[in-house]
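In: Just the structure for this:
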Amino acid sequence: CTSGGVLDYSVDSNAMLPVINSATLNSTDRTITLAGYFFGNRGTLSSVNLAGTDLEIVSWSNNEVVVKCPDRMASGLQKIVLTDAGGLTTRSAFSLTVPEDSEIEDTATELYETTLPDIPADVIGVDESICNVCGLNDTIYITAGKTYGSRLYAEKLVSYSIKDKKWKVVATIPEEGLTDCSMAAYQGTIFLNGTDVDGIAYLYYYSPSKKDWYLLKESGVADATIVTFKNSLLSIGGSSLKTASEIRLIDVSTGKANVLADLGYKIARAQTAVCGDTLCLYEGYVYNEETNKWEQDQYGMACYTISDKGISRDAGKEIEIKPLLMKGSEALLSTICASDKDIYLVGLQLSQDASGSVIDPSGYQVADGDTWVYSDQMKNLGKRLSHTIVTHPKAVVYKGVLYGFGLNTQDGNPTTYVARATVVDETPDTPMQDTIKVKIPKAKKGLIYNGNAQTGVPASAEGYYNIKNNRKTDPGTYKARAELIDQDYLVWEDGTSAAKTITWSIAPISVTGVKLDKTNLTVYAGTTGQLKATVIPASANNKAVTWKSADTTIAKVDQSGKVTGVKAGTVKVTVTTKDGSKKATCTVKVIAGVPVYRLYDIKGTGDHLFTTSAYEKDSLTLRGWKYEGIAWYEPKTSSRPVYRSYNPNNGLHMYTYSDAERSALAGAGWKMEGIAFYSCTDSSKVPVYRLYNPNGGTHFFTKAVAEKNMLVKAGWKYEGIGFYAMNIS
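Out: Have a look, this model is predicted:
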């Protein structure tokens, strides 16, 4: 039993109104002890009224009242009322739960049958409030945040896994939080409309599969309400007088909002519920055309029918709720939600309350979390979200289950979250907003070549995926590619979303032979040549081939027919068809590459000389030059000769295949020494880098990236690629 309740906000110590600190049930002598202060004088009273039951007083003092325990009581928020004008008033209250193992009959309306696990404090704290709630893909999504000034800002997106029964923070809300938000689940994503601290309106959507937010530009409307209606996303009203009476259809692909209809009045921050063809707008702020002011429309209801013929207001479905409210509950908030068949109002306090609570002598009734089915009779569901007051309740119906949330209140302060669920529809429709599982298309069997184009993999009748390469004429095996048009809204039946490749074929025409485009091929060691095989006939079903070199130490061949020379020699390369093992061969001759020797004038100019002449290398070595090894290999000949030039003034050498540069050097007095070697033009070529020493005036060439980088750090200027070498280590 817990003292207090939100009704204690009116208890004033100056007025000496009673305050109950505890209510204790004694199972031995079956009494209830109410402890507190300011109970006043008993007078001539012999009983008090507790939750509508007269109880005999056992003892009385200013800070303790003991009464005999009744046989029947209702769990929930209770009030104590004297039978005449004594010291107690109707403003004192406490929360009581009747123990299940007691002999007292609990007459309270049942709670929703399922209590969700407690929301961890690090997910939603008691200083935070729930802003919005919706259901998607067996998950309940909630936005929550704190109040700054008078504005509640949604700052994070929280999820509850229905399967795993676990809570977690999914993401932070963009723009450091949005206020006056509305949320809707649509086509596998979560949409959120709200305004930032500067009053700028945004419409974002969150992709659970990509775990990120995306902005729909030009679609955010301040104080508008977004709602999923069948397979459309609507934006309703807003605080701008230009848009406040509009129902807008949001085109998610373009981000544009197109006006569908006029509401007939201006509304902002409305709650919404969709049931069949009916769209209900509940509460919110309505613009008064006479006073030119926005006015809160608590408990107001407007119903619209949306069909192929258009949108029209259906006043026949509208009920005035306010006259049905019990006295004293006008300020209490409630929320609206809907299943496929009914609309529900959670936390609504009506005077014909079927919960079993009793109106006290002053005409007030205990507030609770009753749930009502919205109809012309306003039927009580017979289940309630809470036995005590729940502030700012939020609710959603997902797959036939009503999920209700709110902050429970004790001692006038929020303490714990109420999170319960109840089944309201045993045969619900599949939620339209949920991600759809799409059957993976299968290849057609038994297709035989007939000279006409044939479809091997069917297209999507629903338009769920695009498909390519699924229609051919010639026999063969093909790979169709099916790609989902929306990877948030659609997934394959195996739970994946990546494009599917479906192999299909038109069968069969057997292979009768194979031929090569070359019967002889010459390559340099370290370079490549390409052989192309043609399977005969061209319409053969299986054109697969395998390649093999008779000696891989001389030449290698990959399964695309690319031949790589390894060392000098001659070898046979054979292609074999998988169908019929038909063969064709090519004689490959491998020519060794020409080594380019590198020497360094260690005692003279500091110049490096590159030569293919072993004689020149040996002669320079005898004259004191330092031989530094083979710099790289070049082909014996190619279409790109590299020329060597000599400067007789400083003894430096230069290498280039540029005719323009060679002419410039000759004009500057350099001596042309002819072709030094040939640049590699094969596709496997590797670059030889050119560097310049601004201090010594020498040029240097290397194919080693590490050496190039080291020289650049030492102050050499990198001048790009000088020419190309063979790809031989």
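In: Render the CA-only coordinates of the helix or strand hosting M710 in CSV, please.
Out: Using DSSP states H and E, the secondary-structure element containing M710 is helix 705-713. Listed next in CSV are the C-alpha coordinates belonging to helix 705-713 (Å, rounded to 0.1, in the frame of the first residue of the first chain):
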residue,chain,number,x,y,z
VAL,A,705,57.9,2.8,-54.5
ALA,A,706,59.8,2.8,-51.2
GLU,A,707,62.9,4.2,-52.8
LYS,A,708,60.9,6.9,-54.6
ASN,A,709,59.3,7.9,-51.3
MET,A,710,62.6,8.0,-49.5
LEU,A,711,64.2,10.2,-52.1
VAL,A,712,61.2,12.6,-52.0
LYS,A,713,61.6,12.9,-48.3
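In: hmm, who's touching that helix?
Out: When contacts are taken as C-beta atoms under 8 Å, 6 or more residues apart in numbering, the neighbours of helix 705-713 outside the stretch itself are Y689, L691, F700, T702, Y718. Heads up, the C-betas are built off the backbone N, CA and C, glycines and all.
In: Going by neighbour count, list what's buried in that helix.
Out: For helix 705-713, the neighbour count (16 or more other C-beta atoms under 10 Å) marks K708, L711 as buried.
In: Now it: average pLDDT?
Out: If you average the pLDDT over helix 705-713, you get 97.
In: Stretch 74-83 now?
Out: Mean pLDDT, taken over the full extent of stretch 74-83, equals 54.
In: what's the answer for stretch 152-166, then?
Out: Throughout stretch 152-166, pLDDT has a mean value of 97.
In: Give me the distance between the two termini of that stretch.
Out: Stretch 152-166 has an end-to-end distance of 25 Å (C-alpha to C-alpha, to the nearest Å).
In: now that stretch, how far from the centre of its chain.
Out: From the chain centre to the centre of stretch 152-166 is a distance of 14 Å (C-alpha atoms, centre = their mean, to the nearest Å).
In: Next, the buried residues of it.
Out: So, applying 16+ other C-beta under 10 Å, buried residues of stretch 152-166: L152, Y153, A154, E155, K156, L157, V158, S159, Y160, I162.
In: Distance from the helix holding M710 to the middle of the chain?
Out: So, by C-alpha atoms, centre = their mean, the centroid of helix 705-713 is 45 Å from its chain's centroid.
In: what does stretch 126-144 give?
Out: 16 Å.
In: which other residues reach the host helix or strand of I306?
Out: Using DSSP H and E, I306 sits in strand 301-307. Surrounding strand 301-307, the residues in contact under the criterion C-beta under 8 Å, 6+ apart are 229, 247, 263, 265, 267, 277-282, 311-315, 317-321, 374.
In: list the buried ones in that strand?
Out: When burial is assessed from 16+ other C-beta under 10 Å, strand 301-307 yields the following buried residues: M301, A302, C303, Y304, T305, I306.
In: Could you save these as JSON lines and add columns showing pLDDT?
Out: Conversion of these to JSON lines gives the following (pLDDT from 0 to 100):
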{"residue": "M301", "pLDDT": "92"}
{"residue": "A302", "pLDDT": "94"}
{"residue": "C303", "pLDDT": "95"}
{"residue": "Y304", "pLDDT": "96"}
{"residue": "T305", "pLDDT": "94"}
{"residue": "I306", "pLDDT": "91"}
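In: Closest one of those residues to T534?
Out: I306 (63.1 Å; C-beta to C-beta).
In: sorry, back to before: show me how far the strand holding I306 is from its chain's centre.
Out: 32 Å.
In: what pairs with that strand, and is each one parallel or antiparallel?
Out: Strand 301-307 has the following sheet partners, assigned by DSSP bridges: strand 278-282 (antiparallel), strand 310-313 (antiparallel).
In: any chance of the ones you listed in CSV, plus mean pLDDT and distance to R644?
Out: Formatted as CSV, those follow (pLDDT from 0 to 100; distance: least, C-beta to C-beta, whole Å):
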stretch, mean pLDDT, distance to R644
strand 278-282, 95, 86
strand 310-313, 92, 86
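In: so can I have TSV of those strands showing mean neighbour count and distance to T621?
Out: As requested, the strands paired with strand 301-307 are arranged in TSV below (neighbours: other C-beta atoms under 10 Å; distance: least, C-beta to C-beta, whole Å):
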stretch	mean neighbour count	distance to T621
strand 278-282	22	94
strand 310-313	14	96
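In: Could I get these in a markdown table, plus columns for distance to I140?
Out: Formatted as a markdown table, the entries for the strands paired with strand 301-307 read as follows, by distance: least, C-beta to C-beta, whole Å:
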| stretch | distance to I140 |
| --- | --- |
| strand 278-282 | 20 |
| strand 310-313 | 30 |
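In: Figure out which of these is closest to V197.
Out: Comparing those against V197 with C-beta to C-beta, the closest turns out to be strand 278-282 (27.2 Å).
In: Remind me what whichever helix or strand comes after the closest one packs against, helices and strands.
Out: Going down the chain from strand 278-282, the next helix or strand is strand 285-288, by DSSP H and E. Contact analysis of strand 285-288 by 3 or more C-beta pairs under 8 Å, 6 or more residues apart in numbering; DSSP states H and E lists strand 267-268, strand 293-296 as its packing neighbours.
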